[in-house]
Structure formats: C-alpha cells, structure tokens
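>>> I need the structure of the sequence given here:
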Amino acid sequence: MLHRITNAHLHAPEDLGLCHLLIAAGQIVAIDRDAPIQIDSRLLASDIDLESRRLIPGLIDYHTHTTGGGGEAGFATRVPPVPLSRFTTAGVTSVVGLLGTDDLTRSTSSLIAQTMALREEGLSAWCYTGGYHLPPTTLTGSVRSDIVHIDCIIAVGELAISDHRSSQPTLIELMKVASEAHVAGLMTGKAGIVHLHLGDGERGLSLIREALSESELPARVFNPTHVNRRRALFEEACELTAQGCVIDLTAFPVAEGEDAWSASDGLARYLDAGLPFDQVTISSDGGGCLPVFDDQGELESLDYGTSQSMTDCLTELLSTGRPMGDILPAFTRNQARLLKLHRKGRIEVGMDADLVVLDETHRVRDVMALGQWHVREGQLIRQGTFENQPLAPT
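Purely as a prediction, here's the structure:
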C-alpha cells in the first residue's frame, strides 16, 4: 500500500525543511527535497499535502503499563489494560509495556499477550520481564532466558529501588539482575538494560552508584526512571549521566510548590546545563497509578497516567519557543538508541513509517504507524479490537 506525503516541514528530528515522502510496505522508501515524488495516482492509498505543517517521528513511550497498573488501594483500583487509541491519539507509535507494583496478579505471560495484541492492531510494541520485586517475575524462570528466548522481551523493568513498595534489593541482588540483562542483550542484540523505578526514599540513586563502582557492568545497563519526582533526585540523576547512564523523566502532573520538576521543566534544566544531549528521555507511565502516600506509607490520593501526558509535555516545551531539534530527541531518537530499536526514532529512507503531523498549536493532527493512518485531521480512524464495544449484550 502506497502513501504520498507532500510539502511536509520535516524534523527527522533535525530540521530538514520542506520535503516530500513516499511510503510503501510500512516503510519510508523515498524522501525528496526538490519536488513531489512522481507516481501513478491510481496506486496511492492516500495522497496528502501537509501545506508546510511539521512532520516528526512517532513518539516512543517506553514506560507504559499496557496491561494496566495500580492496585495500591485494593483490587478495585487496578487500572484496566490500555486500548490502542490511547497511544495513537497521543502520537505514540511505539510502546514498551511493563509490570509495576502488582507483578503477582498481573503476569509476564499476560504482558506478552497484550504486547502481541497491540502488534496485531498496528502498533510497534515490546515489553520488559520482571516488575517491582525480586526474585523477578518471569515466564521461563530467569531474566536471561526470557530476553533470549522471547522475541518481544527486550530488557528488565521496572525494578523498584528507594521505595517502600520495593523488595528492598541489596547491591549484590541488583548487580546479578543487571548482569543477567546485560549478557542476554549481548547474546541477542536487544537492549539488555534494567529499567529502574525510583521511589521517594532517601537512598536515591546510591545503589546504582555502588553498582557502577563495584562491578564491570556498563553504565548504559542502568536506566533510572521517575528521576524528576524530587528535585534533589533529579540533580543526583544528572550527575549519573557523566558516567554514561541514560535517565528518564516521567511526564506526571506536578502541583505548584511540590518538591518535584515537571518533565518539561526537568528537560529544560537538563539542556540548559549542557548535559549529554542523547542521555535523557521522557516517558508517560501511561496506564499506571499515580499514588500519593503519607509518611507512614498510607495512600492519600490516587490517579492514573496516560501517554497524552508525554505529548502535552512536548507541546508545552514547543510553546516556550525551544527549538524542535533540541527537545524532540528526548521523545524519539534517544529511546530508540537506548533500546536498540534500529528502525525507530528517525525519519529517513529505510526506517519504519511512524509519523506524526503537528498542527499550528503544536498538537497532534495526524498519526501514521507502520505505514497505516490511525488519526487524520484530529479524528481517530482506526481503533483497537474491542474499543467502543458494549461489555455485555443490551
């Protein structure tokens, strides 16, 4: 199926100016800066003139509770699985699913099944093995075996540290899991990282620093997330990038006066500090609960995340006048590099046709995933299998 896109202001993520593209078999097969690519119109499934609107790579949300998260306040607070359109309407065309606090009633097998379901519905999807706790929740009995033998499993996550809900892992336990992930990555060419949930604990990132000091494991294996949840933790995380770690900011809501940075504030501070350009990412925690606990670990309030928060963060940053080329890699290219998703995160010939068109207000207008339009002119045109279906006969 062929699609032609003309007069696109292309950010690949670098600004390439006005370009014309041809899409075939889910890939970008041609890009021309001079003139629209000539082809018999009868062969085209769509022929769209973007009239100089900005075209960017599809966003990569690599921290999503695709099977649903939560459960911190009882079984009724378990968030349902995230449907396809919650991703695509937010401009997200690639996701990585994970288990969080509840890695008991939610399993690796159900996470794999949801990953494959999203793939069948037209999204690029992968997942992690494990969850908050040790020993890790796995399908085959070990982290290394899961990554090596199961195609869609690319790494470990989200293993919790510095959090009262974690299994309080020791340094040795963390290094053993990281070693398993790293070796599996070497064997398969997959990411082989440990995606680490950071809680509010005062120990912060000390376990990661110790692991880097006491082992031969490369720094890229340790990928802490939620590092903007406390301002001191953010500063600590920024220092880790000098050793080679990639840090992940979460696009969760931040109240006025809260001891945290929003993802947009955090990325702005990171870039203004001149820190390594390709070692910061932003994710949504979509489908996961956003609990607030008191000093005794008792739940005070509960909300849940969506991938839209990631897109809202991009919109907010663009609205401040920051150059697209500075901020877009944290939503696209940097994730693809870290996760070794070699056909993602950039717009160039041979890459997957994962494309997002932004309107004049920096919001998502059109979305193509793997060469298929999911959103056109702000309207959803492709849904998941059971979206908008009644739960029971009426």
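>>> make it CA atoms for all contacts and neighbour counts henceforth
Noted.
>>> please enumerate the helices of the protein.
84-88, 108-120, 143-149, 171-188, 206-214, 231-240, 263-272, 308-319, 324-327, 333-339 (DSSP state H).
>>> need the ones you listed in JSON lines with mean neighbour count, can you?
Formatted as JSON lines, those follow (neighbours: other C-alpha atoms under 10 Å):
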{"stretch": "helix 84-88", "mean neighbour count": "22"}
{"stretch": "helix 108-120", "mean neighbour count": "19"}
{"stretch": "helix 143-149", "mean neighbour count": "22"}
{"stretch": "helix 171-188", "mean neighbour count": "19"}
{"stretch": "helix 206-214", "mean neighbour count": "16"}
{"stretch": "helix 231-240", "mean neighbour count": "19"}
{"stretch": "helix 263-272", "mean neighbour count": "18"}
{"stretch": "helix 308-319", "mean neighbour count": "20"}
{"stretch": "helix 324-327", "mean neighbour count": "16"}
{"stretch": "helix 333-339", "mean neighbour count": "22"}
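>>> right, and Ala24 touches His3 too?
Yes. At 6.7 Å, Ala24 counts as touching His3 under the criterion of C-alpha atoms under 8 Å.
>>> hmm, back to that, make TSV from the helices of the chain and add mean pLDDT and distance to Pro135 to it.
Formatted as TSV, the helices of the chain follow (pLDDT from 0 to 100; distance: least, C-alpha to C-alpha, whole Å):
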stretch	mean pLDDT	distance to Pro135
helix 84-88	96	31
helix 108-120	97	13
helix 143-149	98	10
helix 171-188	98	9
helix 206-214	97	17
helix 231-240	97	26
helix 263-272	97	31
helix 308-319	97	31
helix 324-327	96	37
helix 333-339	98	23
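>>> low-scoring stretches of the stretch 251-394 of the chain, by residue?
289-294, 297-303, 389-394 (pLDDT under 70).
>>> what about 90?
Along the stretch 251-394 of the chain, segments meeting pLDDT under 90 span 253, 255-256, 287-306, 388-394.
>>> right, so of the helices of the chain, which gets closest to Asp15?
Asp15 lies closest, by C-alpha to C-alpha, to one member of the helices of the chain: helix 324-327, at 6.5 Å.
>>> which residues touch the closest one?
11, 13-15, 267, 271, 314, 317-318 (C-alpha atoms under 8 Å, 6 or more residues apart in numbering).
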